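Novice: With the input below, show me the fold.
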Amino acid sequence: MKGLMILSHQMEDVEALGTRALLRRAGIDLETATFEDTLEVKTSFGLLVKADSYAFDLQMNNYDFIVIPGGRYVAQIIDQDVNIKRLLKTFHQEKKMIAAICAGPRFLGQAGLLDGIHYTAYPGSEVDAPKGIYHQDKKAMNNQNIITARGAGAVYEFAFEIVKHLLGEDKAQSLLRNIQY
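Specialist: Numbers count the residues shown, from 1 in each chain. Below you'll find the model as predicted:
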């Protein structure tokens, strides 16, 4: 089981780094990649994080799932983006799990992947998925291989849903017990 997380300048620190740490703690192999012009990515709160690879250099068939964190970058690139949306469509066509948190589900919405799907996201993000079924009150949801979460305050629930989907309920509960959730 191997996953891919896309890192972008101005990504939300906790959504990316917290999710990655929790998934790794659960024993899930998660690599990071970026579409930026440098491997060193600067988060919303100024941390410098080095991605493992450039996304263009990867063989996507080596990955079983993908994680898209939210953050300020989404509003800056969402309408011009082709790379993340194309990547998400590929994972969706191959029936691989897609997980997006906060404003990250906006990419799924614009790609048409939330049509008819129950999902949650940062309030206001629902404008990009008018055919989706938005649940503002939910912290995290799993619907048809798509896991979404509301924001940084829902990272634990987000990681729980990912681990549960990939490794089962027992492993997800074990993760929460081990971190004293």
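
Novice: Output the below-cut-off pLDDT ranges for this protein.
Specialist: Counting by pLDDT under 70, the chain shows no low-confidence range.

Novice: And the helices in it, which stretches?
Specialist: When assigned using DSSP state H, the helices of the chain occupy the ranges 13, 19-25, 72-77, 83-93, 105-110, 155-167, 169-178.

Novice: right, and those helices - which one's nearest residue 6?
Specialist: Of all the helices of the chain, it is helix 83-93 that lies closest to residue 6, at 6.2 Å by C-beta to C-beta. C-beta coordinates here come from the backbone N, C-alpha and C atoms, glycine included.

Novice: still on that earlier bit, packed most tightly, which of the helices of the chain would that be?
Specialist: With neighbours taken as mean count of other C-beta atoms under 10 Å, these reach their highest mean count in helix 105-110, at a mean of 27.

Novice: Quick one: residues in contact with it.
Specialist: Taking C-beta atoms under 8 Å, 6 or more residues apart in numbering as the criterion, the residues outside helix 105-110 that touch it are 68, 74, 78-79, 81, 84-85, 88, 98, 100, 114, 119-121, 125-130, 132, 146, 148.

Novice: Equivalent analysis for stretch 9-17, please.
Specialist: For stretch 9-17, the surrounding residues in contact (C-beta under 8 Å, 6+ apart) are 5, 7, 36, 41-45, 47, 49, 69-73, 76, 101-102, 104, 151-152, 155, 158.

Novice: Now the buried members of the contacts of helix 105-110.
Specialist: With burial judged by 16 or more other C-beta atoms under 10 Å, the buried subset of the contacts of helix 105-110 is 68, 74, 78, 81, 84-85, 88, 98, 100, 114, 119-121, 125-126, 128-129, 132, 146, 148.

Novice: So which of those are in strands?
Specialist: By the criterion of DSSP state E, membership of the buried ones among the contacts of helix 105-110 in strands covers 68, 98, 100, 119, 146, 148.

Novice: how about these, which pair is most distant?
Specialist: For these, the farthest-apart pair by C-beta to C-beta is 68 and 119; their separation is 12.7 Å.

Novice: Against residue 9, how distant is residue 138?
Specialist: From residue 138 across to residue 9, the span is 29 Å (C-beta to C-beta, to the nearest Å).

Novice: I misspoke; the intended subject was residue 71.
Specialist: Counting by C-beta to C-beta, the separation of residue 71 from residue 9 is 9 Å.

Novice: and what of residue 148?
Specialist: From residue 148 to residue 9 the distance is 22 Å (C-beta to C-beta).

Novice: Equivalent analysis for residue 65, please.
Specialist: Plainly put, residue 65 is 23 Å away from residue 9 if you go by C-beta to C-beta.
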